[in-house]
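S.K.: Predicted model follows, preceded by the sequence.
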Amino acid sequence: MIVAGFILLAVGAADLVRQFAPRRWIGYLSVAVILLLLGSVSDALLPMVLALVVGALWVWCMPTERTAPLGFWPAVLLAVVSVGAVIWLGARSDVGLIGATWQLRSPFGEVPFDLAMLALGAGVFLLESSNLVVRAALDGEHTWRPTDPMSAPTSVPTTAPTTVGAEVAVASDAGSDTATATDTATDTATGGNAATDGVTAPRDPRSGFKGGRLIGPLERILVLILTLAAAYPILAAMLAAKGIVRFPEISRDGETGARAEYFLVGSLVSWVIALSAAFLVWWAAHS
């Protein structure tokens, strides 16, 4: 159990560093020090070292700047390792120095240190690492959110033809919210100089807001909490509300079905990740 907790914590923390830390090497060093301290006080140095290795491999297999070279398979392998660590290794009877002082009560009873580490690791993984998994799934299925023609800027050519390029920012969501904004850049072809020959319509600065960066993790954390609390009616209502909110956009899909496919693939992958994390914690708590 402690192995799965350390692995998920290392992977999730590494992805948070990649996303938010201005200097990554400082963030990686801080994560390594924290894991070293946790492994030392809990007599789990070997699981800590294994977690650092898995975290490094994850960073290499799931890059943030380009398409994952191995696609969706690193996430599948991580899931297999985590489930196997919980099922076959189980909880430890001796948790080292921290065992003498560790006391954590919950409405469900005492929470041992290994179970707390597993829940912490699962929660951290759901924040940013799951975004990468959802994006890898969308990339693997070639499912991209189409650009909204109403939000695309218009270019008025004068003397030379203008090349307009639109880049879709697919960032993570718990479904369709993986990327709620489309970043559109207009570059003019002038034969090698920087002068522009076209006039681009002004762009709303709010159009660059990537709500999926916040909505996706919040949705997964809520799914995890509501599932563990057995609040299934609230969970069903929340998931249904998401579909209702996204219905106006999906209804403009036309004949291609691209938005509906994007919404379904992203949402289902995100919900499966969150429900799997909840099941893993529940299994560990009842084993």
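M.R.: In hand now; what should we look at?
S.K.: Helix or strand: which one has the nearest residue to residue 273 once chain neighbours are set aside?
M.R.: The shortest distance from residue 273 to any non-neighbouring residue, by CB to CB, 6 or more residues apart in numbering, is to residue 130 (4.8 Å). Using the backbone N, CA and C atoms, a C-beta is placed for each residue, glycine as well. Here residue 130, judged by DSSP states H and E, is contained in helix 129-140.
S.K.: what is the rounded mean pLDDT of that helix?
M.R.: Here helix 129-140 scores 88 as its mean pLDDT.
S.K.: Give the other helices and strands that it contacts.
M.R.: Contacts defined by 3 or more CB pairs under 8 Å, 6 or more residues apart in numbering; DSSP states H and E place helix 129-140 against helix 2-20, helix 73-84, helix 212-228, helix 258-286.
S.K.: right, and the ones you listed - which one's nearest residue 121?
M.R.: The closest of the helices and strands packed on helix 129-140 to residue 121 is helix 2-20. By CB to CB, the value is 3.2 Å.
S.K.: Report the buried residues of that closest one.
M.R.: For helix 2-20, burial by neighbour count (16 or more other CB atoms under 10 Å) applies to 2-19.
S.K.: Could you do stretch 23-43 as well?
M.R.: Those would be 27-28, 31-32, 35, 38-39, 41-43, for stretch 23-43 by 16+ other CB under 10 Å.
S.K.: what residues does that stretch touch?
M.R.: The contact list for stretch 23-43 (CB atoms under 8 Å, 6 or more residues apart in numbering) reads 2, 6, 9-10, 13-14, 16-18, 21, 44-45, 47-49, 51-52, 55, 94-99, 113, 117.
S.K.: 10 Å - rerun?
M.R.: 2, 5-6, 9-10, 12-14, 16-21, 44-52, 55-56, 59, 92, 94-99, 101-102, 113-114, 117, 120 (CB atoms under 10 Å, 6 or more residues apart in numbering).
S.K.: No further questions, thank you.
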